[in-house]
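Enquirer: from the sequence below, what's the structure:
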Amino acid sequence: MTDHTPSRALPASVRLTGWGMYVPQRVLTNHDLEGLVETNDEWITSRTGIRERRVAGPAETTATLAAVAGKRALAVAGLDPEALDMILVATCTPDYAMPATAVFVKEALGATHAAAMDLSAVCSGFVYGFSAAHAYIASGLYRHVLVIGAEVLTRLLDYRDRNTCVLFGDGAGAVLLSASPESGGGLLGFELTAEPAGAYNIWTPVGGVAIPPTAEGLEGGGRFVRMKGQETYRYATRTMASTVETALERAGVHPDEVALFVPHQANVRIIDAVGRQLGIGLERVYINVDRYGNTSAASVPIALAEAVDAGRVKPGDVVVFVAFGSGYTSGACVVRWTADPALGRRAASVPPAAHIAAPADYPRADPTPPELQRVFARKEATATGERPAAEPGAGAELTSPAEVPA
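Expert: Okay, here's the model as predicted:
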């Protein structure tokens, strides 16, 4: 029987051994948004680079998305879930205020022995989680830590506000970090920052204990994401570059040595500006913001998983990833890649499904915003050639299947 008691033996290195991602099947295009808010494809694309984003299905949650991405990372690494020591889920869109979303992910994975907790640093959450996982393993406390970034932001958007509703999408990405007896590779350097002065430039006013979700608190759309775009753009561009510079300096790596740069996928203009400041050309930058929009904490791990599977990374390469988010947090990691990218093919064996027990005394209606329910009803009717059913409102009550599709 395997001993899962945390070991104090220090590993020779901490390596990234598995990766995976999952995005929902439903696609929301810029043209779809033209029917909801005063905008158009050219306006969105020219300012952000985004052409479409994914939207979680009626039975999908942050936990189900995270579980599928986590299963795929474990499959790539060839690790039994029971060998996991800890699950870290970075998210600003938890399934519930309590318990932690990571607990449901543990259930779905069958990770019997793992500790599980959430981490909240919004868009920078995955990078914060990656550095924390490295510390747990490097200290000898744990051997295997699964780090997941997962979000369902489309349920927290005001579809009358074109400055926010066009930006965000849903998805999840994951990596597995493991202790290795071989020296070299893994995290070479990192930097984490936070600037409270920008805390109210990207935030959701209602929902915490400062402004509880009462009828009065919810009035005026307080539960939706609010953002001061120009201020955020300027600070993000400057801070992402300086955060990477510090991480590179600590790693003893020159920008010319970076094989692949994986930035937070918020805005293609920010990505371009940061790359130019660092002297990293677009040929060394991975970009997928056009297909997924800003998926917050899921952004970097989704992009990293895609980049590896696309053949953009090989063993020995230096990979840098960086994120910036609400609270004006930022984080950058410099990693020496060691895993065989061909192992990524194992992820295809993992179906998009997650088993999570539903609450027995609190039936759940379709949580998709009514505006998006109408969009997808029309899209489905067009695809099938049928007339759409009655316009969906708050959504029909959902059953709670044992196998929740993700």
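
Enquirer: so what pairs up with the residue nearest to residue 77 when sequence neighbours are not counted in the strands?
Expert: With Cβ to Cβ, 6 or more residues apart in numbering as the criterion, residue 77 has its nearest non-adjacent residue at 3.0 Å, and that residue is residue 18. C-beta here means a position set from N, CA and C on the backbone, and glycine is covered the same way. Residues found in beta-bridge contact with residue 18 (criterion: DSSP bridges) are residue 176.

Enquirer: distance from the chain centre to the one helix or strand residue 137 maps to, please.
Expert: With secondary structure defined by DSSP states H and E, residue 137 is part of helix 125-138. Taking the mean of its C-alpha atoms, helix 125-138 sits 15 Å from the chain's own mean (Cα atoms, centre = their mean, to the nearest Å).

Enquirer: return the set of buried residues in that helix.
Expert: Within helix 125-138, the residues that qualify as buried are 125-134, 136-138, counting by 16 or more other Cβ atoms under 10 Å.

Enquirer: how about the CA coordinates for that helix, as PDB?
Expert: The C-alpha trace of helix 125-138 is given here as PDB (Å, rounded to 0.1, in the frame of the first residue of the first chain):
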ATOM      1  CA  GLY A 125      -4.400  32.900  -9.600                       C
ATOM      2  CA  PHE A 126      -2.800  30.100 -11.600                       C
ATOM      3  CA  VAL A 127       0.600  31.700 -11.400                       C
ATOM      4  CA  TYR A 128       0.200  32.200  -7.700                       C
ATOM      5  CA  GLY A 129      -0.900  28.600  -7.400                       C
ATOM      6  CA  PHE A 130       2.000  27.300  -9.500                       C
ATOM      7  CA  SER A 131       4.600  29.000  -7.200                       C
ATOM      8  CA  ALA A 132       2.800  27.700  -4.100                       C
ATOM      9  CA  ALA A 133       2.700  24.100  -5.400                       C
ATOM     10  CA  HIS A 134       6.400  24.400  -6.200                       C
ATOM     11  CA  ALA A 135       7.100  25.500  -2.600                       C
ATOM     12  CA  TYR A 136       5.100  22.600  -1.100                       C
ATOM     13  CA  ILE A 137       7.100  20.000  -3.200                       C
ATOM     14  CA  ALA A 138      10.500  21.700  -3.000                       C
END
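
Enquirer: after it, next one along is what?
Expert: Of the helices and strands lying after helix 125-138 in sequence (DSSP H and E), the nearest is strand 144-152.

Enquirer: helices and strands around that next one, which ones?
Expert: In terms of contacts (3 or more Cβ pairs under 8 Å, 6 or more residues apart in numbering; DSSP states H and E), strand 144-152 is packed against helix 62-77, strand 86-90, helix 101-109, helix 125-138, strand 170-180, helix 299-309.

Enquirer: could you point out which element follows the fifth one?
Expert: Next along the chain after strand 170-180, taking DSSP H and E as the criterion, comes strand 186-194.

Enquirer: that next one to strand 170-180, inter-axis angle?
Expert: Compare the direction of strand 186-194 with that of strand 170-180 by axes from the mean of the first three to the mean of the last three Cα atoms, to 10 degrees and you get 130 degrees.

Enquirer: how far off centre is strand 186-194?
Expert: 18 Å.

Enquirer: so which elements touch that strand?
Expert: With contacts defined as 3+ Cβ pairs under 8 Å, 6+ apart, the secondary structure elements packing on strand 186-194 are strand 13-22, helix 125-138, helix 229-251, strand 329-336.

Enquirer: for residue 124, what are its contacts?
Expert: For residue 124, the contacting residues are 192, 264, 297, 323, 324, 325, 329, 330, 331, taking Cβ atoms under 8 Å, 6 or more residues apart in numbering as the criterion.

Enquirer: apply 6 Å and report the result again.
Expert: Contacts of residue 124 were listed using Cβ atoms under 6 Å, 6 or more residues apart in numbering, and they are 323, 325, 329, 330, 331.

Enquirer: against residue 354, how distant is the closest residue to the third one other than its chain neighbours?
Expert: Nearest-residue entry for residue 329: residue 124, 4.0 Å, with adjacent residues in sequence omitted and distances by Cβ to Cβ, 6+ apart. From residue 124 over to residue 354 the distance is 25 Å, taken as Cβ to Cβ, to the nearest Å.

Enquirer: what does the helix holding residue 137 rub up against?
Expert: 14, 88, 90, 119, 121, 142, 145, 147, 149, 177, 179, 187, 190, 297, 300-301, 323, 331, 333.

Enquirer: can you give me the angle that helix makes with strand 329-336?
Expert: Note on geometry: by the same axes, to 10 degrees, helix 125-138 and strand 329-336 are set 50 degrees apart in direction.

Enquirer: the nearest residue to residue 159 once chain neighbours are set aside: how many residues sit nearby?
Expert: Counting by Cβ to Cβ, 6+ apart, residue 159 lies nearest to residue 371, which is 4.2 Å off, once chain neighbours are set aside. Here the count is done by other Cβ atoms under 10 Å, and residue 371 has 17 residues near it.

Enquirer: residue 371: which element?
Expert: Here residue 371 sits within helix 370-384, counting by DSSP H and E.

Enquirer: buried sites along that helix?
Expert: Along helix 370-384, these residues count as buried under the neighbour rule (16+ other Cβ under 10 Å): 371, 372, 373, 374, 375, 376, 379.

Enquirer: go on, stretch 338-350?
Expert: Taking 16+ other Cβ under 10 Å as the basis for neighbour counts, the residues of stretch 338-350 that come out buried are 338, 339, 341, 343, 344, 346, 347, 350.
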